[in-house]
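Enquirer: Pasting a predicted model and its sequence here:
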Amino acid sequence: SPTDTAPAIFLNGALEVARAPGGSEAADRCLQVIGEKRFIDFFNYPVLDLQRMSLELVRLVGTRSGGGAGVLRRMGAQAARDFLAAAPGKTMLLLTGNNPRRVLNQLPSSYPAAVSFGERRVVWSVREHTGLFVVERDFMPPAYTKGFLQGVLEQTGVKDVNVSGWPTAMLDSEYQISWN
């Protein structure tokens, strides 16, 4: 729906991913598909625009960037860096002391400051560095969210991050997360 939005930083991040293997032409083509000349930071845009850009980006640079899943993971990782550099992400890192477990616990509360859709929660296993991140009503593909979660954890400084995920329904998915 038109009320489901994502911040300009995520769309601008997707353009950065487009520029890496495809140059400015790929980024320009993504903008053309959306009908925008640029995205203004601090504004929100329909998540449909991000989805359409994702499809175009996969089409344009997927063969040079690890296929569709590789492109989407890179987009998610870029979104994580951009989110953590913005006020909601910086606040989250400050409140959690950069502790990866606390960051993941806080993410379901902090991420809605960026996007207007979806619900998220964490279910921890008995092992210290392993958990399940559950996402409901998420419009981005699982590969994107895998990249986002991995990017968030890597920004906390942990090593050997592993994120695997699978859809559980049309807009729902789960992600097994672990690190050393």
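Expert: Good, I have the coordinates.

Enquirer: What are the buried residues along the lowest-mean-pLDDT helix or strand in the chain?
Expert: Least confident helix or strand, the chain: helix 8-34 with a mean of 90, by mean pLDDT, DSSP states H and E. Under the neighbour-count criterion of 16 or more other CB atoms under 10 Å, helix 8-34 has 8-15, 17-19, 21-22, 26-27, 29-31, 33-34 buried. Backbone N, C-alpha and C define where each C-beta goes, glycine included.

Enquirer: next one: stretch 93-108
Expert: Judged by neighbour count using 16+ other CB under 10 Å, the buried positions of stretch 93-108 are Leu93, Thr96, Pro100, Arg101, Val103, Leu104, Gln106, Leu107, Pro108.

Enquirer: I'd assumed Tyr175 was in contact with Val161.
Expert: No: counting by CB atoms under 8 Å, Val161 does not reach Tyr175; the two are 11.4 Å apart.

Enquirer: returning to what we had before: so what does the helix or strand following the least confident helix or strand of the chain touch, helix or strand wise?
Expert: Using DSSP states H and E, the helix or strand that follows helix 8-34 in sequence is strand 44-46. In terms of contacts (3 or more CB pairs under 8 Å, 6 or more residues apart in numbering; DSSP states H and E), strand 44-46 is packed against strand 5-7, helix 8-34.

Enquirer: Are there helices or strands packed against the next helix-or-strand element following strand 44-46, and which ones?
Expert: Next along the chain after strand 44-46, taking DSSP H and E as the criterion, comes helix 47-61. The helices and strands touching helix 47-61, judged by 3+ CB pairs under 8 Å, 6+ apart, are strand 5-7, helix 8-34, helix 67-85.

Enquirer: Between Val161 and Tyr175, tell me which one has more neighbours.
Expert: Taking neighbours as other CB atoms under 10 Å, Val161 and Tyr175 compare with Tyr175 leading, 21 against 18.

Enquirer: Skip the chain neighbours and tell me the closest residue to Pro7.
Expert: Leaving aside its sequence neighbours, Pro7 sits nearest to Ala114 (CB to CB, 6 or more residues apart in numbering; 5.1 Å).

Enquirer: correct me, but that neighbour touches Ala85?
Expert: No: counting by CB under 8 Å, Ala114 sits too far from Ala85 to count as a contact (11.6 Å).

Enquirer: So which of these two has more stuff around it?
Expert: Between Ala114 and Ala85, counting by other CB under 10 Å, Ala114 is the more crowded of the two (19 against 12).

Enquirer: Show the pLDDT at the more buried one.
Expert: Ala114 carries a pLDDT value of 89.

Enquirer: What separation do you get for the closest residue to Leu15 other than its chain neighbours and Thr156?
Expert: Counting by CB to CB, 6+ apart, Ala27 is the residue found nearest to Leu15 once chain neighbours are left out, at 4.4 Å. Distance, Ala27 to Thr156, using CB to CB, to the nearest Å: 29 Å.
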